[in-house]
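Peer 1: just a sequence and a predicted model for now, questions to come.
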Amino acid sequence: MAVTAIVGANWGDEGKGKMTDVLAAQSSYVVRYQGGSNAGHTIINDYGKFALHILPSGVFNPNVMNIIGPGVALDIDVLSEELQALSSRGVPLPQLMISDRAQIVLPIHKLFDQLEEERLGQNSFGSTRRGIAPFYADKYMKLGIQASDLLDPTRLCERIERLLETKNVLLEHFYGQPPIEADEWIPQLRKQAEFLAPYIGDTTALLQKAYMNGQNILLEGQLGALRDPDHGVYPFTTSSSTLAGFASVGAGLPPYAITEVIAVTKAYSSCVGAGPFVSELDGAEAEALRQRGGDAGEYGVTTGRPRRVGWFDAVATRYGCRLQGATAVVLTNLDVLGYLDEIPLCIGYEMEDGITDQFPITSRLASAKPVFKQLPGWKCDLSGIKHYDELPAEARQYVEFIESEIGVVIATVSVGPRRDQVITR
């Protein structure tokens, strides 16, 4: 494996957590390198069903060192809650190290996220209100608080006071809220520092050494290519890069270290949040797919909101795989489609100037209409199948047609939410 990135080819919710959990058994390190608690990875294994938002998905393997890298938006409260949840359900305390350069999501980030979404009303971006956009705004304005700052009381006070200078002006004069005093935060942050101190370290040096020693490192991405702020459906994106190209930056490894990029995509489409979604379904047809999807229906891991669902979009997925530089694809949730006589796939977009198989800019997506191809369904349960050649001919045809459309080999097919429901081709 060497260094492998697991990333999303679509809008997120593709099944990256499950595949990270599966491949962690072959890894020495599993690294979260971007994003925060605004999206979750659902994992089902021998310990039960779990939803992770900040912890790497290698925490169920005691031999894995789990790393939260410098590119992550670290929500300490969520981290603490997840560690407690694992312990309460019998999961051994995982090996965990947090980069001393990782920055902290503060209460004001969540407050600003909420206030801005409320101000925007119907024009909101569908934020999870976990503070992610305000966090990254402060990071790039050089106002952020690094994990190491929590261990230096004098520096921490100075950083908080500088942050609040501009925030309080906005709170009072733009949002009509009372100002915040630095002293209100310091006791809470000191408690968080005590909790965090045993985990903080130089993760970059650790991973660089592991790479030089040839140890297997798994880099776990959050969300998918279409939520990338540079290449996705901007402005309906997240605030950190979701691409494998950023994995080396967010983890602290050289760019040439990543030799495999595994892009994960569902056998149909789904997303949480606002923005264009060309193959989206509505009404009874959408509800039929939503109820059967995922492991218990298509609902957001973080928000609980019903996911928007649609048929597989080859245009968007091809684009996502190319952005990610995918060397292989995992196709998840194939079993979900077993109720259909025929299965539509979106193979093109009808635009004002004709039909295209290229993914356009956001402003043109709004008017795009899907062009579908119908493939025969298999009308049976796939969840117990262990080998690819045991799949019905129609299911294999579906997989191989998608493979031809996206131009990347589908190396793995998932036919259920559990670890053992994975077929290697």
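Peer 2: Looks like it came in fine. Residues are numbered from 1 along each chain as shown.
Peer 1: what segments of the stretch 301-425 of the chain are strands?
Peer 2: For the stretch 301-425 of the chain, applying DSSP state E, counting those that start in this stretch gives strands covering 308-310, 312-313, 328-332, 342-351, 354-356, 369-376, 410-414, 422-424.
Peer 1: turn the ones you listed into JSON lines, including mean neighbour count.
Peer 2: (C-beta placed from N, C-alpha, C; glycine too.) JSON lines is the format used below for the strands of the stretch 301-425 of the chain (neighbours: other Cβ atoms under 10 Å):
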{"stretch": "strand 308-310", "mean neighbour count": "24"}
{"stretch": "strand 312-313", "mean neighbour count": "27"}
{"stretch": "strand 328-332", "mean neighbour count": "25"}
{"stretch": "strand 342-351", "mean neighbour count": "18"}
{"stretch": "strand 354-356", "mean neighbour count": "12"}
{"stretch": "strand 369-376", "mean neighbour count": "16"}
{"stretch": "strand 410-414", "mean neighbour count": "21"}
{"stretch": "strand 422-424", "mean neighbour count": "16"}
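Peer 1: relative to residue 212, which of these is closest?
Peer 2: The closest of the strands of the stretch 301-425 of the chain to residue 212 is strand 328-332. By Cβ to Cβ, the value is 25.1 Å.
Peer 1: and residue 235, how many neighbours?
Peer 2: Taking other Cβ atoms under 10 Å as the criterion, the count of residues near residue 235 is 10.
Peer 1: for it, which three-state class applies?
Peer 2: coil (DSSP: H, G, I helix; E, B strand; the rest coil).
Peer 1: okay, and residue 163 sits in which element?
Peer 2: Using DSSP states H and E, residue 163 sits in helix 153-173.
Peer 1: can you give me the strands in the stretch 1-150 of the chain?
Peer 2: 3-8, 29-32, 41-45, 48-52, 65-68, 73-74, 95-99, 103-104.
Peer 1: residue 246: which of those is closest?
Peer 2: So among those, strand 3-8 is nearest, using Cβ to Cβ, at 9.4 Å.
Peer 1: what about the nearest residue to residue 383 once chain neighbours are set aside, distance to residue 338?
Peer 2: Beyond its immediate neighbours in the sequence, the residue positioned closest to residue 383 (Cβ to Cβ, 6 or more residues apart in numbering) is residue 416, lying 4.4 Å away. Residue 416 sits 11 Å away from residue 338, going by Cβ to Cβ, to the nearest Å.
Peer 1: show me what contacts the nearest residue to residue 362 once chain neighbours are set aside?
Peer 2: Of all residues beyond its chain neighbours, the one nearest residue 362 is residue 233 (5.0 Å), with distances taken as Cβ to Cβ, 6+ apart. By Cβ atoms under 8 Å, 6 or more residues apart in numbering, the residues touching residue 233 are 11, 226, 227, 275, 276, 362, 365.
Peer 1: filter the residues you listed down to the buried ones.
Peer 2: 11, 226, 227, 275, 276, 365 (16 or more other Cβ atoms under 10 Å).
Peer 1: from what I can see the second one touches residue 7, true?
Peer 2: Read that as residue 226. No - contact criterion Cβ atoms under 8 Å: residue 226 and residue 7 do not qualify, at 11.5 Å.
Peer 1: check contacts around residue 79.
Peer 2: Contacts of residue 79 (Cβ under 8 Å, 6+ apart): 54, 55, 68.
Peer 1: apologies, that question was intended for residue 115.
Peer 2: 175, 177.
Peer 1: okay, it: pLDDT?
Peer 2: In the prediction, the pLDDT value recorded for residue 115 is 86.
Peer 1: also the one 3 residues further on?
Peer 2: At residue 118, the pLDDT value in this model is 79.
Peer 1: with residue 162 instead?
Peer 2: Reading off the model, residue 162 has pLDDT 92.
Peer 1: which residues touch it?
Peer 2: For residue 162, the contacting residues are residue 143, by Cβ under 8 Å, 6+ apart.
Peer 1: roughly how far apart are it and residue 19?
Peer 2: For residue 162, the distance to residue 19 equals 41 Å [Cβ to Cβ].
Peer 1: ok so, going back, ok, then the element right after the helix holding residue 163?
Peer 2: Using DSSP H and E, the first helix or strand after helix 153-173 is helix 182-196.
Peer 1: what helices or strands is that next one leaning on?
Peer 2: Applying 3 or more Cβ pairs under 8 Å, 6 or more residues apart in numbering; DSSP states H and E, one finds that helix 182-196 contacts helix 76-88, helix 153-173.
Peer 1: next one: phi and psi at residue 218?
Peer 2: Per-residue torsions, residue 218: phi -110, psi 120 (degrees, to the nearest 10).
Peer 1: isn't it right up against residue 22?
Peer 2: No - look at residue 218 against residue 22 with Cβ under 8 Å: they stay out of range, at 10.2 Å.
Peer 1: between the two, which is the more surrounded one?
Peer 2: Ranked by neighbour count (other Cβ under 10 Å), residue 218 and residue 22 place residue 218 first, with 27 against 21.
Peer 1: and the more buried one, bridged to which residues?
Peer 2: Note on residue 218: beta-bridge partners by DSSP bridges are residue 4, residue 30.
Peer 1: give the contact list for it.
Peer 2: So residue 218 contacts 1, 4, 6, 20, 23, 24, 27, 29, 30, 31, 58 (Cβ under 8 Å, 6+ apart).
Peer 1: for those, which one is nearest residue 156?
Peer 2: residue 31 (26.2 Å).
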